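1. Return a 3D structure for these sequence lines:
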Amino acid sequence: MRPKNLKFPFSWEERKPYVFDQILIVPSHYDLHHEWTDEEGLFSGDRPLFLEYCSGNGDWIIQKAIDHPEITWIAVEKQFERVRKIWSKRENNQVKNLLIVSGKAEEFTRYYLPSESIQEVFVNFPDPWPKERHAKHRLIQAPFVDQMARVVRPTGKATFATDDPPYASQMIEEMGNHKDWEYAFPKPHYKESLDNYGSSWFQNLWQEKGRGFHYIQCTKK
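-> Reported below is the predicted structural model:
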């Protein structure tokens, strides 16, 4: 399967939450997210749910799903062109335990995920929005941290990977300020590498450019 074989299932005017081929469309500029119900049972069942935000081209999560078929993996990516690439890799590798979400992380988490439904969350190399005036667009901020606390089970984990030191500091601060999260690592609350973590397109790119990494992990109380 090639990425171009995946077609968007409806026009802009017809946009709505929609499930097809193990893909959930979370439409943008849509006012009725709160009316959605999980009729497909996407987030129920006996297997643990592990979720990656900012899945990009899908390299990291596809390999994780192959290595851990006992887990249901969820890839969340807002750019449909990247969703196509994830879907293509999933189909070509015959991966059966991966749900793809096409939409914004904030809206998906707030309106579509049941409380305490996720065992582990991963955020791999999110856009750092490095200019100060753009920092408000960063994903890891108090409202999103609060929603993650709602959907992650007690003793569940959230792991972040970034090459951007200022964003790493913000991640550490935001997680530390929330009453439901506690650091997994001692000060400075990050590691420069994690064993068997896996690799992504962005990780490989920044590694080639000689950048260092920050891996931050927190546990839900």
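
2. Tell me which helix or strand in the chain has the weakest average pLDDT.
-> Every helix and strand in the chain was compared by mean pLDDT, DSSP states H and E; the lowest is helix 201-208, with a mean of 74.

3. so how far is the following helix or strand past that one off the chain centroid?
-> Tracing the chain past helix 201-208, the next element assigned as helix or strand by DSSP states H and E is strand 214-220. Mean-position distance between strand 214-220 and its chain equals 14 Å (Cα atoms, centre = their mean, to the nearest Å).

4. Can you list the neighbours in contact with strand 214-220?
-> 149, 152-163, 165, 168, 171-172, 175, 180-185, 189-194, 197 (Cβ atoms under 8 Å, 6 or more residues apart in numbering). To be clear about C-beta, it is placed using only N, CA and C from the backbone, and glycine gets the same treatment.

5. If we go by neighbour counts, what in it is buried?
-> In terms of neighbour count (16 or more other Cβ atoms under 10 Å), strand 214-220 has its buried residues at 214-218, 220.

6. any idea of the mean pLDDT for stretch 105-124?
-> The average pLDDT within stretch 105-124 is 97.

7. re earlier: okay, the buried residues of strand 214-220 in a markdown table with pLDDT and distance to residue 77 next?
-> Putting the buried residues of strand 214-220 into a markdown table (pLDDT from 0 to 100; distance: Cβ to Cβ, whole Å) gives the following:
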| residue | pLDDT | distance to residue 77 |
| --- | --- | --- |
| 214 | 96 | 22 |
| 215 | 97 | 21 |
| 216 | 98 | 21 |
| 217 | 98 | 22 |
| 218 | 98 | 23 |
| 220 | 98 | 24 |
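
8. could I get those as a markdown table with distance to residue 25?
-> As requested, the buried residues of strand 214-220 are exported to a markdown table (distance: Cβ to Cβ, whole Å):
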| residue | distance to residue 25 |
| --- | --- |
| 214 | 32 |
| 215 | 31 |
| 216 | 30 |
| 217 | 31 |
| 218 | 30 |
| 220 | 28 |
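
9. then the least confident helix or strand of the chain to PDB, C-alphas only?
-> Listed next in PDB are the C-alpha coordinates belonging to helix 201-208 (Å, rounded to 0.1, in the frame of the first residue of the first chain):
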ATOM      1  CA  TRP A 201      12.400   9.900  12.000                       C
ATOM      2  CA  PHE A 202      13.000  13.100  14.000                       C
ATOM      3  CA  GLN A 203      15.200  11.400  16.500                       C
ATOM      4  CA  ASN A 204      17.400  10.000  13.700                       C
ATOM      5  CA  LEU A 205      17.500  13.500  12.000                       C
ATOM      6  CA  TRP A 206      18.600  15.300  15.200                       C
ATOM      7  CA  GLN A 207      21.100  12.600  16.100                       C
ATOM      8  CA  GLU A 208      22.700  13.100  12.700                       C
END
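
10. what does that helix rub up against?
-> Outside of helix 201-208, the residues within contact range by Cβ under 8 Å, 6+ apart are 56-57, 59-60, 124-125, 161, 163, 213.
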